[in-house]
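> predicted model and sequence below, questions to follow.
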Amino acid sequence: MQDLLQIAIREAERLGADYADVRYMERKSEPVSMKNGAVVSLALQEEQGFGIRVMHGGAWGFASRSVTTEAELKHAAAEAVAVARASAKVRASPTSFAPLDAAQGVYRTKVQKDPFEIPLEDKLEFLIDIDRELRADAAIRIAEASLLSLCERKWFLSSEGSDIEQTIYETGASIAATAAGNGDRQRRSFSNYAQAGYEFVEGLNLKALSTGLAAEAKQLLTADTCPVLDTTLILGSSQLALQIHESCGHPIELDRVLGSEASFAGTSFLAPGMEGGYPYGSTEVTVVADATLPGGLGTFGYDDEGVPAQRITIVDKGRFANFLTSRETAPLLGQASNGTMRADGATNLPLIRMTNINLNPGDWTLDEIIKDTKQGIFMESPKSWSLDDKRLNFHFSTEYAYEVRDGAITRLLKNPAYTDMTTHFWPACDAIAGKGRGEWQLWGLPSCAKGEPMQIAHVAHGAAPARFRDVRVGVGK
Amino acid sequence: MVGKEQSIEFLERVLRLSASGPIEARLTHDRLALTRFADSSIHQNMVKDNIALKLRVVIGKKIGTATVNSTAMADVRRALGVAERLARLQADDPDFVSLPTPTAFVTSRTYYPETAQCSPARRAEAVDALVQTAAAVNLRAYGSFVTETNELAVASSLGVRAYNCSTTAYLRTVMMSPQHSGTGYADFLSRDIADINPKALGEEAAERCALGEHARELSPGEYEVVLTPYAVSDMIRFLGYLGFTASSLQEGRSFLSGRIGERVVGENISIWDDAFDTATLNMPFDLEGVAKRRVSLIEEGVAAGVVYDSYAAHKEGLLSTGHTPPVRGAACLPIS
């Protein structure tokens, strides 16, 4: 494969490119999904292709193909150079990027059970069992269950001499129960994904979870509505993972900060220079970006520029310390890339993407936080989210909530929601759990959208329940 | 381009490989060229060429699906074997009736050579026009300019034969003051690149940006709100995702569930889906090769209907309106 891909690099160099890299990828995915006992999707999706990125005259060009032949490699290289020439016509100054030592390496996800070796019959039987659990009560009108298996093999070669091969496996599952009655509909769901083999799915204990979700969905039909008030908010681990994604993960992407996504995904309230200690959160808050964490969807050996995976402190005891960077953007801060460039497949351009953005565990247990709370609302399980383009003002709703009074949970609440500003929210964090067993969890999110054409990145967030003071909750008129 | 004859001929060869039962083969060939710009400079610029084959094999009331982005017959045979095996593994789906049968569709012009042949240099010229317009009023330009050529061919053992080639040109810009104190948005989408006037779009965005230059903070409260067409179209798009689909109606998830024929919004509101309107992305048929039909969704405030793919339509003994979603399980979508 490497010999074939070198053809594109040599052709780009022959045409005057100052730099070229080529990525080839084969991706296989097997989504299996079921709704109310019927198979909705049982498919095998295979794709392959390559993309060549060149720097010519201080500007970038990129071309990709699904068909990988010598002729297509040469043609794409020429097209990438032509595109770069056009880019150079509208540039204030030439683009430069940080030097990088050539890397030769191999990375492979450690799997115990290859998800593609598990018979489909077994997977279907598994989903049928879950469906049965979800629909045991007549109040459940819609039961959904799905499994995903994915394998990517990719090669990266550059004109600087890098030669990297990576094989990544991902698995995961999603289940949901929607109950109807009492003039209302309520949904409870669970999903998680990891870079792992099928053993991850087996360890999720989905059958037992299904029974609980169905019961909760039914209970929500008769629950009181979450009141509107300014109060103490305690977020469960999965909701906090999404909160981290939206109000920490996205604003720290340096390409967003510099305006690269201004006309589509948005910008950021952060600016260059703020990485020198801007007060992002309370001293309880330490956030890391860890592309080396086993099992994370944002884990890899090398990013799609050939930069080795790293663990970076983003927020250190409340102080903002680092952006997510690339070879092009890092030098603007006088830094080397911290290795976060990833593309959705080989036929798209790499962009700065989150890796595993984790909130470090604190020294509380969730039980201690609740006992320590006089009045508040505990919310969990994402339902909807909305953020402004600077990632400042946000509104989330969750599937369920509990009222907390005088250190105890008092009642279940439906249709909970909260709204705040990022710059108020994180400084208002005064307690993070994680001391208790299993409280800090890694949540795989295989659906982070960014870029044009739209690219979907697989990322993860580790979080334990945490408490935030003085937050507006409930849905107003 | 693959072309009509070659596409259909290839799909017929694929159909002949299967002896299991009804089969549908869909070939897509997409060429996308995209120039993105930020802070008045081009920062991302690309061309992407992708071909994909999707097979649906029906055995009794079971459907197996496989997708490959290759037209090599060895890959096609392997994909077909996978689709057949996946179909056999399933239990019968009582709601599945049949793949669609042929429908007569109305064609309108969807392909413009000038769009298909747009060079990176021409896209750069358009971006430069926006950048110069922005610079004249001390603004910075951000945005993207995309041109696409999309071939879609569908053939089935039930006799469906459909081919269409379309082009799309889309220019979007956001203009900002250097201090980011104001922003202005403008975009334009057409099958024909000749309809796009970068300078006019730039002036529209710049004018809107100027309006925000001395913006005052607005306290929370109730106000009369005037939305631009851009904002209204976004709202309608999400209504499409959430409420105007047959599956959302059938499952009771739609705000129209149980309310067809009732007044649901003000009588000054009418919403419809019309794939023949050349002011939109007109298309003759959907991803199953079923002829598009004009669908009235809300008529003078009254809930009038939703859009169907063949699966959802057959469940109610109806015909598809030609709104098959890209993947099964997703809701069929109003797109025009």
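In hand now; what should we look at? Numbering: from 1, shown residues only, chains lettered A, B, ... in the order given.
> just the C-alphas of the lowest-mean-pLDDT helix or strand in chain A, formatted as PDB.
When each helix and strand of chain A is scored by mean pLDDT, DSSP states H and E, strand A:38-56 comes last, with a mean of 91. The C-alpha trace of strand A:38-56 is given here as PDB (Å, rounded to 0.1, in the frame of the first residue of the first chain):
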ATOM      1  CA  ALA A  38     -38.600  -5.300  14.100                       C
ATOM      2  CA  VAL A  39     -35.200  -4.900  12.500                       C
ATOM      3  CA  VAL A  40     -34.900  -1.300  11.200                       C
ATOM      4  CA  SER A  41     -31.400  -1.600  10.000                       C
ATOM      5  CA  LEU A  42     -29.100  -4.500   9.400                       C
ATOM      6  CA  ALA A  43     -26.400  -3.400   7.100                       C
ATOM      7  CA  LEU A  44     -22.800  -3.700   6.300                       C
ATOM      8  CA  GLN A  45     -21.200  -0.500   5.100                       C
ATOM      9  CA  GLU A  46     -17.700  -0.500   3.600                       C
ATOM     10  CA  GLU A  47     -15.800   2.400   2.200                       C
ATOM     11  CA  GLN A  48     -12.300   3.100   1.100                       C
ATOM     12  CA  GLY A  49     -10.500   5.900  -0.400                       C
ATOM     13  CA  PHE A  50      -7.600   8.300  -0.200                       C
ATOM     14  CA  GLY A  51      -7.000  12.000   0.200                       C
ATOM     15  CA  ILE A  52      -3.900  14.000  -0.700                       C
ATOM     16  CA  ARG A  53      -3.200  17.300   1.000                       C
ATOM     17  CA  VAL A  54      -0.500  19.600  -0.400                       C
ATOM     18  CA  MET A  55       1.100  22.900   0.500                       C
ATOM     19  CA  HIS A  56       2.000  24.900  -2.600                       C
END
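> and it, which strands flank it?
Here strand A:38-56 has these sheet partners by DSSP bridges: strand A:19-35 (antiparallel), strand A:59-65 (antiparallel), strand B:62-68 (parallel).
> after the second one comes which helix or strand?
Counting by DSSP states H and E, the element after strand A:59-65 in chain order, helix or strand, is helix A:70-88.
> CA atoms only: put that next one into PDB for me.
Extracted in PDB, the C-alpha atoms of helix A:70-88 (Å, rounded to 0.1, in the frame of the first residue of the first chain):
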ATOM      1  CA  GLU A  70      -2.100   4.800  -9.900                       C
ATOM      2  CA  ALA A  71      -3.900   7.000 -12.300                       C
ATOM      3  CA  GLU A  72      -6.300   8.400  -9.700                       C
ATOM      4  CA  LEU A  73      -3.500   9.000  -7.300                       C
ATOM      5  CA  LYS A  74      -1.600  11.100  -9.900                       C
ATOM      6  CA  HIS A  75      -4.800  12.800 -11.000                       C
ATOM      7  CA  ALA A  76      -5.700  13.700  -7.400                       C
ATOM      8  CA  ALA A  77      -2.200  15.000  -6.700                       C
ATOM      9  CA  ALA A  78      -2.400  17.300  -9.700                       C
ATOM     10  CA  GLU A  79      -5.800  18.500  -8.700                       C
ATOM     11  CA  ALA A  80      -4.700  19.200  -5.200                       C
ATOM     12  CA  VAL A  81      -1.800  21.300  -6.500                       C
ATOM     13  CA  ALA A  82      -4.200  23.200  -8.800                       C
ATOM     14  CA  VAL A  83      -6.600  23.800  -5.800                       C
ATOM     15  CA  ALA A  84      -3.600  25.100  -3.700                       C
ATOM     16  CA  ARG A  85      -2.700  27.500  -6.500                       C
ATOM     17  CA  ALA A  86      -6.200  28.900  -6.500                       C
ATOM     18  CA  SER A  87      -6.100  29.200  -2.600                       C
ATOM     19  CA  ALA A  88      -2.900  31.300  -2.900                       C
END
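> would you mind listing the buried residues in that helix?
Of the residues in helix A:70-88, A:72-88 count as buried by neighbour count, 16 or more other Cβ atoms under 10 Å in any protein chain shown. From N, CA and C alone the C-beta is placed, and that goes for glycine too.
> got the angle for it vs strand A:19-35?
110 degrees (axes from the mean of the first three to the mean of the last three Cα atoms, to 10 degrees).
> give me the contact status of helix A:70-88 with chain B.
Yes. Using Cβ under 8 Å from any Cβ of the partner chain, we find that helix A:70-88 touches chain B at A:79-80, A:82-87.
> what about the stretch 201-336 of chain B, any weak spots by pLDDT?
Applying pLDDT under 70 to the stretch 201-336 of chain B flags the ranges B:326-336.
> rewinding a little: and A:Ala460, which of the strands paired with strand A:38-56 is closest to it?
A:Ala460 sits nearest to strand A:19-35 of all these, at 17.8 Å, using Cβ to Cβ.
> what's the burial count for A:Asn338?
For A:Asn338, the count of nearby residues is 25 (other Cβ atoms under 10 Å in any protein chain shown).
> ok, now B:Asp234?
Number of residues near B:Asp234 (other Cβ under 10 Å) recorded here: 12.
> for the helix or strand containing it, packing partners?
Secondary structure assigned from DSSP H and E places B:Asp234 in helix B:229-242. Under the contact criterion of 3 or more Cβ pairs under 8 Å, 6 or more residues apart in numbering or on different chains; DSSP states H and E, helix B:229-242 touches strand B:271-273.
> next, the buried residues of the helix holding B:Asp234.
Residues B:239-240 are the ones in helix B:229-242 that count as buried (16+ other Cβ under 10 Å).
> okay, the residues of helix A:70-88 next to chain B in TSV with pLDDT and distance to A:Thr267 next?
Shown next, in TSV, are those (pLDDT from 0 to 100; distance: Cβ to Cβ, whole Å):
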residue	pLDDT	distance to A:Thr267
A:Glu79	98	31
A:Ala80	98	28
A:Ala82	97	31
A:Val83	98	25
A:Ala84	98	26
A:Arg85	97	29
A:Ala86	97	26
A:Ser87	97	22
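> could you find the closest non-adjacent residue to B:Glu114?
Excluding the flanking residues, the one nearest B:Glu114 by Cβ to Cβ, 6 or more residues apart in numbering or on different chains is B:Ile193, at 5.4 Å.
> distance of that neighbour from B:Arg122?
B:Ile193 sits 8 Å away from B:Arg122, going by Cβ to Cβ, to the nearest Å.
> what segments of the stretch 201-336 of chain B are strands?
All strands of the stretch 201-336 of chain B, identified by DSSP state E, counting those that start in this stretch, fall at B:271-273, B:295-299, B:302-303.
> please identify the most buried of those strands.
strand B:302-303 (a mean of 21; mean count of other Cβ atoms under 10 Å in any protein chain shown).
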